[in-house]
Each structure stands twice: as structure tokens, then as C-alpha cells.
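**Q** Sequence and computational prediction follow.
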Amino acid sequence: MDTAWAVRWVRAAADAVAEHRAELVDLDRAIGDGDHGENMDRGFTAVREKLDDEFTGPGAVLKMVAMTLMSKVGGAAGPLYGTAFLRAATSLGDDDASAEAVAAMLAAARDGVVSRGKAEVGDATMVDAWTPAVDAAVQAASSGASPADVLTAAADAAQTGAESTDALQARKGRASYLGERSIGHRDPGAVSTVLLLRAAASAASA
Ligand code: ADP
Ligand code: MG
Ligand code: MG
């Protein structure tokens, strides 16, 4: 997994966020302040404009994403995804990444989200997508899967994890202000996490 993959990933992520902007807004309108789709689209539009720069390796691409999201995306998601991409960049480095390195990168990203936001699995946040994704990725890598298959396993597990937030009461972020009324709604950040991981997988299979 090299620089070209990272650039394809980020471009695919920007496409997915733009395509799903209204869906993310609707999800956030139900349990938050309705800006998650705009926040993410603003951030990834700024990221897209920098994708023609020269990069020293895949880690440098992800570091650019981190810095851009931190400066352009307000609210909770900016610092959370900014930290995720920054930790991912450091973990990945600028050499071509193996399946194990890809799984380790996802674990580093998840750990960044947790250290920043202090949410646990079951709190109905993006952590409910990230953590099963990491578990599936580590498992796939240790059983000899390719990097593309590691990322597909991660995206599939993230999707199931995002669906699991439907039944959960939110305990972190704005949605937690609703108390029990947050039950029955899917967490928007968990859904955007699925989009980002699906983009990574599709870029690896391309
Ligand atoms: P804001 O809530 O500030 O308007 P966004 O709408 O962009 O920010 O992002 C909301 C998403 O951020 C939520 O759906 C949730 O996934 C995530 N989130 C909020 N707080 C936390 C937290 N403490 N830990 C992990 N994720 C969180
Ligand atoms: Mg919001
Ligand atoms: Mg907001």
C-alpha cells in the first residue's frame, strides 16, 4: 500500500462524503445539530484540493488529511478524525504497507479517536464502527489476508458496528443530550467511518 493507494483512498473518501452528505445531515439532524454532512464535506473538499501536491509516501498523504481536517472541520468530528488520521499517518510511515501494517494503522487511528473523545464501545459513537473494524482487520491480517482484504473486512465490520448504534443510547457527544430519545437512531459519525473505510478498501482493490 503506497502513495498512489493513499491518494486514491482519500479521493474516494471525498467522493463518498460528497455523495452521502445529505444522508449524514439527516442522521445528525435526528440526534444532533444536523451539520455532520456539511462538516465532513467541507473538510474533504479542502483535502481534495491538496491531492495534487507531492508526497514523500502514504503517511505524508494521511498527515495532510489530518492537518486539513483539523483546520477546516469544526465540531466534534474535526478533532476526532484529525487525530485518527494523524495517528494513522505516524503508524503507516512512508514505506509500502503490508497487511499487518494496514491493520496496525487502523488500530492507531481508533486509539486516537478514543484518546481524544474518551468514548467506549456501546456509547453510540464512531468508536462503535472503528473498534469492530480494527478487530476484524487484525484478525484478517493474522490469517494471511491481503491488504485489500484486510480493509474490506474492516469496512464490513464497521458497517455492522454502525448498525449496532441504532439500538444504543448515546453516551458521548451531542446525541447524549437526548438521553433515551437517542435510541432508535444511527450515529452519523459511525456512518461516516464506514464511508472512509469502504473508500480505503475500494482504493486497495483498484
Ligand atoms: P458536532 O456534534 O460537534 O456537531 P459532528 O456532527 O460533525 O460534530 O460529529 C458528530 C459525531 O461525532 C457523532 O455522530 C459521533 O460519532 C462523534 N462523536 C461525538 N463525540 C464523540 C466522542 N466523545 N467520542 C467519539 N466520537 C464522538
Ligand atoms: Mg453535528
Ligand atoms: Mg456541530
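**A** Good, I have the coordinates. Ligands and ions are numbered 1, 2, ... in the order given.
**Q** Spell out which residues of this protein are next to ligand 3.
**A** Asp33, Asp35, Gly75 (C-beta under 5 Å from the ion). To be clear about C-beta, it is placed using only N, CA and C from the backbone, and glycine gets the same treatment.
**Q** Of those residues, grab the buried ones for ChimeraX.
**A** Selecting only the buried members of these in ChimeraX, with burial defined as 16 or more other C-beta atoms under 10 Å, works like this:
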select :35,75
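**Q** which one among the residues of the chain next to ligand 3 gets closest to Ala6?
**A** Gly75 (25.2 Å; C-beta to C-beta).
**Q** Apart from its neighbours in sequence, what residue is nearest that closest one?
**A** Nearest residue to Gly75 in three dimensions, chain neighbours excluded: Asn39, at 5.4 Å (C-beta to C-beta, 6 or more residues apart in numbering).
**Q** quick one, what contacts the one you found?
**A** Asn39 makes contact with Val73, Gly74, Gly75, Ala77, Gly78 under the criterion C-beta atoms under 8 Å, 6 or more residues apart in numbering.
**Q** Farthest-apart pair in the residues you listed, please.
**A** Across the contacts of Asn39, no pair lies farther apart than Gly74 and Ala77, at 8.4 Å, counting by C-beta to C-beta.
**Q** Of those two, which one has the most company?
**A** More neighbours surround Ala77 than the other of Gly74 and Ala77, with 25 against 13 (other C-beta atoms under 10 Å).
**Q** State the distance from the more buried one to Met70.
**A** Distance, Ala77 to Met70, by C-beta to C-beta, to the nearest Å: 11 Å.
**Q** got it, and Pro147?
**A** 27 Å.
**Q** Does the helix or strand containing the residue nearest to Gly75 reach ligand 1?
**A** For Asn39, the enclosing helix or strand under DSSP states H and E is helix 36-48. Yes. Applying C-beta under 6 Å from any ligand atom, one finds helix 36-48 touching ligand 1 at His36, Asn39.
**Q** For that helix, buried residues please.
**A** Counting neighbours by 16+ other C-beta under 10 Å, one finds that the buried residues in helix 36-48 are His36, Gly37, Glu38, Asn39, Met40, Asp41, Arg42, Gly43, Phe44, Ala46, Val47, Arg48.
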